[in-house]
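Peer 1: Got a sequence here, can you model it:
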Amino acid sequence: MTAGEKAKAKIEQAEGKAKEAVGSAIGNDRLAAEGQVEKSTGDAREAKEKVKDAFKR
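Peer 2: Prediction:
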């Protein structure tokens, strides 16, 4: 996993988690949903990079 892609995935996950928490706390369903999508995108990016790393070995 390249360092840049790994960092990007972690940032997306953290931002998504934060948005989701804030959205839930203030009762903003749209913000919570956006956070969930962003977190899932980060999770998918991380999984893709792990698969790429597995095939490099």
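
Peer 1: from here on, contacts and neighbour counts on C-alpha atoms
Peer 2: Noted.

Peer 1: How about the lengthiest helix in the chain, which residues are buried there?
Peer 2: If you go by DSSP state H, the chain has its longest helix at helix 29-56. Of the residues in helix 29-56, those scored as buried under the neighbour-count criterion (16 or more other CA atoms under 10 Å) are 31-42, 45-46.

Peer 1: and that helix, what does it pack onto?
Peer 2: Using 3 or more CA pairs under 8 Å, 6 or more residues apart in numbering; DSSP states H and E, the elements in contact with helix 29-56 are helix 3-26.

Peer 1: So for the helix it packs on, mean pLDDT?
Peer 2: With pLDDT averaged residue by residue, helix 3-26 scores 94.

Peer 1: before we move on, the earlier item: nearest to Thr2, of the buried residues of helix 29-56?
Peer 2: Distance to Thr2 across the buried residues of helix 29-56 (CA to CA) is lowest for Glu46, with 10.3 Å.

Peer 1: Pull the contacting residues for that closest one.
Peer 2: Taking CA atoms under 8 Å, 6 or more residues apart in numbering as the criterion, Glu46 is in contact with 5-6, 9-10.
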